[in-house]
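**Q** how would this look folded up:
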Amino acid sequence: MDESTAEHPTTFADLGLRSELVDALASLGYEEPTPIQAAAIPVLIAGSDLLGQAATGTGKTAAFALPILQRLEAGARGPEPIALILVPTRELAMQVSEALHRYGRGLGVRVVPVYGGQPISRQLRSLEAGADVIVATPGRAIDHLKRRTLRLDGLEVVVLDEADEMLDMGFAEDLEAIFAETPASRQTVLFSATLPKRIDAIARQHLRDPERIRIVAEVQSDEANQRVRHSAYLVQRSHKAAALGRILDVESPAAALVFCRTREAVDSLTETMNGRGYRSEALHGGMTQDQRDRVMGRLRAGTADLLVATDVAARGLDIDHLTHVINYDVPSSVDTYVHRMGRVGRAGRDGVAITLAEPREHRMLKTIEHVTKQKISMEKIPTVADLRARRLDLTRAALRESILGEDLDGYRVVVESLAEEFDLMEIALAAVRQAHSALGGTEDSEDIPEATISAPARDAGRNVGRDSGRDGDRDPRPGRAKRATTTSSAGSARLFVNLGREAGLRPQDLVGAITGETSLSGKDIGSIEISGRFSLVDVPEGAADEVISALRNTKIRGRRATVRRERF
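**A** Predicted coordinates for the structure are as follows:
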């Protein structure tokens, strides 16, 4: 079933939901179902399994939460849960749990979130008291199953939310172990932002004749296109931080979410932006749960206005006052772009999507435009003159607001005493200068050099993988470039390897495995990115299948690796 062909009921009552749920939704201000809710809820209430593709911001939490609540019996219920919802991150577990509490308040629903970073004793007490719905991360669910503190014999529903992310994070074996503890008669629901082959494999193994629903990402819809302004800036890597600061100064976002590809980049950029006077916070998987909670608390309280994060760490975040999403690093796939940009332009609010691209990455921008059918406007980095003009506009607006809205009589004596000595225009100019200095802070004195697309970058297939290092920072040995994070170059293929830093993997391990088992030499290998649980490596397109076959049949750091082409 596709969003474009489904007929959408106009109210939640039309979906067959019980009156307590309809009343709860009305009290929360929800007037009509989103497309994913309209398509999924009747299917789930009827008891069918479901395989759904929907991005962040489409309303899928309610799409599976409401049918689960529909199952709850009136009056006293037993101690064992009827539903298990598996999610990739603590933040998403908290968000789903809160949603279930809000929707099921009139039913007295008992929801227990189970995730790492929280004392397990608290979870043990909650589970012992009895639960209707468990919302868990796979790792902590396995912990409780081993302790026999979580019993799944009576489960009626299992939901996998953000299934592709759970697989990317290395939870495949945990998911299989959890499924083995659930009844064969259960209803199984799987939601994923993307549907690669491995998701289809899970669906074939664990879902029974599922209904398939695909909801086109909101960023691709005409309505969302009118709400979100998409733009990009070409900038050399060495000038990216300065360019980001200049853009933020001109845009003046209420709150901005900046995506980086690695933890190290998040920490470095956060420190840089704080040094430039922005109230920045970092969010990534290397932080403790207490640190993550404090970051989100400061963001929601308004004491921070710039959140720098990795994709996985930002899963499940819902920031009401978010106005800007910024790709500090160009996304490695169109799906990632769509998923990130879905965080703005929600609920009728305007939003801005900005991408900072190095010259060699311009092809990925064209690919994103083509697939999403969304024009990305190429902008010039604001100049010093642009910035000064913008700051003067802000000063003018602040003064105008003060004149119209404040009682200024208390300052009249100052103006009258100065008027005996100076012209009123001179007094006004001095006052404006003081206000401007207070609002604007320090100003940059130099323009950022304009980046251009060089001729070799325009020619597909030339210098494949050779521009993967920092600008001007080449390895002195001929034919080699320093390894750095980048998107896959034209004429090359990006491969996913399910081993990363946690397995002790280093770039030289991948280079050694590839050159030792294939016909490639070190200079043929492009950029390498090592993450916590997986790695990405660029190889020539013509040799991709050879590399995949070779790496699957050998061991890297003593372990068998799963190798495939990265999604685009």
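
**Q** quickly note the distance from the residue of the chain most remote from its centre to Ala99.
**A** Distance to the chain centre peaks in the chain at Glu420, reaching 60.1 Å (criterion: Cα atoms, centre = their mean). Going from Glu420 to Ala99 by Cβ to Cβ, to the nearest Å gives 65 Å. C-beta here means a position set from N, CA and C on the backbone, and glycine is covered the same way.

**Q** same check, this time on Gly504
**A** For Gly504, the distance to Ala99 - Cβ to Cβ - is 39 Å.

**Q** in terms of neighbours, single out the busier of these two.
**A** Taking other Cβ atoms under 10 Å, Gly504 and Ala99 do not tie; Ala99 has more neighbours (18 against 12).

**Q** what's the mean pLDDT across the helix or strand containing the more buried one?
**A** Here Ala99 sits within helix 90-103, counting by DSSP states H and E. Averaging pLDDT along helix 90-103 gives 89.

**Q** and it, how far out from the chain's middle?
**A** Distance, stretch centre to chain centre, for helix 90-103: 17 Å (Cα atoms, centre = their mean, to the nearest Å).

**Q** CA atoms of whatever helix or strand comes next after it as PDB?
**A** Sequence order places strand 111-114 as the next helix or strand after helix 90-103, per DSSP H and E. The C-alpha trace of strand 111-114 is given here as PDB (Å, rounded to 0.1, in the frame of the first residue of the first chain):
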ATOM      1  CA  VAL A 111       4.400   1.100  30.500                       C
ATOM      2  CA  VAL A 112       7.900   0.100  31.600                       C
ATOM      3  CA  PRO A 113      10.900   1.600  29.600                       C
ATOM      4  CA  VAL A 114      13.900  -0.700  29.700                       C
END
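
**Q** which residues are contacting strand 111-114?
**A** With Cβ atoms under 8 Å, 6 or more residues apart in numbering as the test, strand 111-114 has contacts from 81, 93-94, 96-97, 100-101, 104, 123, 126-127, 131-137, 140-141, 144, 150.

**Q** cool, and stretch 161-174?
**A** Here stretch 161-174 has contacts from 60-61, 64, 85-89, 92, 96, 138-139, 141-142, 160, 175, 190-196, 198-199, 202, 312, 315-316, 498, 533-534, using Cβ under 8 Å, 6+ apart.

**Q** which of the residues you listed are buried?
**A** 60-61, 64, 85-89, 92, 96, 138, 141-142, 160, 175, 190-196, 198-199, 202, 312, 315-316, 498, 533-534 (16 or more other Cβ atoms under 10 Å).

**Q** which of the residues you listed fall within helices?
**A** Counting by DSSP state H, the part of the buried ones among the contacts of stretch 161-174 found in helices is 60-61, 64, 92, 96, 138, 141-142, 175, 198-199, 202.

**Q** farthest pair in these?
**A** Pairwise distances across those peak at 24.4 Å for Lys60 and Ile142 (criterion: Cβ to Cβ).

**Q** helices and strands around whichever strand or helix holds Glu20, which ones?
**A** Taking DSSP H and E as the criterion, the element that holds Glu20 is helix 19-27. Where contact means 3 or more Cβ pairs under 8 Å, 6 or more residues apart in numbering; DSSP states H and E, helix 19-27 is packed against helix 60-70, helix 90-103.

**Q** what is the mean pLDDT for the first one?
**A** Here helix 60-70 scores 94 as its mean pLDDT.

**Q** how about residues contacting that helix?
**A** Helix 60-70 is contacted from outside by 12, 15, 17-18, 21, 30, 33-34, 36-37, 39-41, 44-45, 52, 54, 82-83, 85, 95-96, 99-100, 103-104, 107, 109, 133, 157, 159, 161, 189, 191, using Cβ under 8 Å, 6+ apart.

**Q** low-confidence stretches in the stretch 151-300 of the chain?
**A** Across the stretch 151-300 of the chain, residues meeting the criterion (pLDDT under 70) sit at 216-226.

**Q** hmm, try it at 50
**A** By pLDDT under 50, the low-scoring segments of the stretch 151-300 of the chain are 217-221.

**Q** all the helices of it, residue numbers only.
**A** 163-168, 172-180, 197-206, 222-227, 240-251, 263-275, 289-301 (DSSP state H, counting those that start in this stretch).

**Q** check contacts around Arg71.
**A** Contacts of Arg71 (Cβ under 8 Å, 6+ apart): 82-83, 156-157.

**Q** pLDDT weak spots in the stretch 401-550 of the chain?
**A** In the stretch 401-550 of the chain, residues with pLDDT under 50: 441-442, 454-490.

**Q** most neighbours among the contacts of Arg71, which one?
**A** Ala83 (26 neighbours).

**Q** give me the beta-bridge partners of it?
**A** Val133, Val157 (DSSP bridges).

**Q** Ala93 touches Tyr115, doesn't it?
**A** Yes: the criterion here is Cβ atoms under 8 Å, and Ala93 meets it with Tyr115 at 4.6 Å.

**Q** show me this structure divided up by domain.
**A** 13-216, 220-383, 385-440, 455-565 (automatic domain parsing).

**Q** make CSV out of those domains and add distance to Ile448.
**A** CSV is the format used below for the domains of the chain (distance: least, Cβ to Cβ, whole Å):
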stretch, distance to Ile448
domain 13-216, 32
domain 220-383, 5
domain 385-440, 11
domain 455-565, 13
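
**Q** between those domains, which one is closest to Asp447.
**A** Short answer: domain 220-383, nearest of these by Cβ to Cβ, at 5.0 Å.

**Q** how much space separates the nearest residue to Leu269 once chain neighbours are set aside from Glu502?
**A** In this structure, Leu269 finds its nearest non-sequential neighbour in Val308, 5.2 Å apart by Cβ to Cβ, 6 or more residues apart in numbering. Distance of Val308 to Glu502, given as Cβ to Cβ: 23 Å.

**Q** more crowded one of those two?
**A** Neighbours per residue (other Cβ under 10 Å) separate Val308 from Glu502, with Val308 holding more: 31 against 11.

**Q** doesn't Arg279 make contact with that one?
**A** No: with contacts counted by Cβ under 8 Å, Val308 stays clear of Arg279, the gap being 11.4 Å.

**Q** next, the angle helix 240-251 makes with the lengthiest helix in the chain.
**A** What stands out as the longest helix in the chain, according to DSSP H, is helix 384-405. Going by axes from the mean of the first three to the mean of the last three Cα atoms, to 10 degrees, helix 384-405 is angled at 30 degrees with respect to helix 240-251.

**Q** what packs against helix 384-405?
**A** Against helix 384-405 (3+ Cβ pairs under 8 Å, 6+ apart) you get helix 240-251, helix 424-440.

**Q** which parts of it are buried?
**A** Buried residues in helix 384-405, defined by neighbour count with 16+ other Cβ under 10 Å: 387, 390-391, 394-395, 399.

**Q** can you tell me which of the residues you listed is nearest His230?
**A** Closest to His230, out of all of the buried residues of helix 384-405 and judged by Cβ to Cβ, is Arg390, at 20.6 Å.

**Q** excluding sequence neighbours, find me the nearest residue to the closest one.
**A** Spatial nearest neighbour of Arg390, chain neighbours left out: Val250 (4.9 Å); criterion: Cβ to Cβ, 6+ apart.
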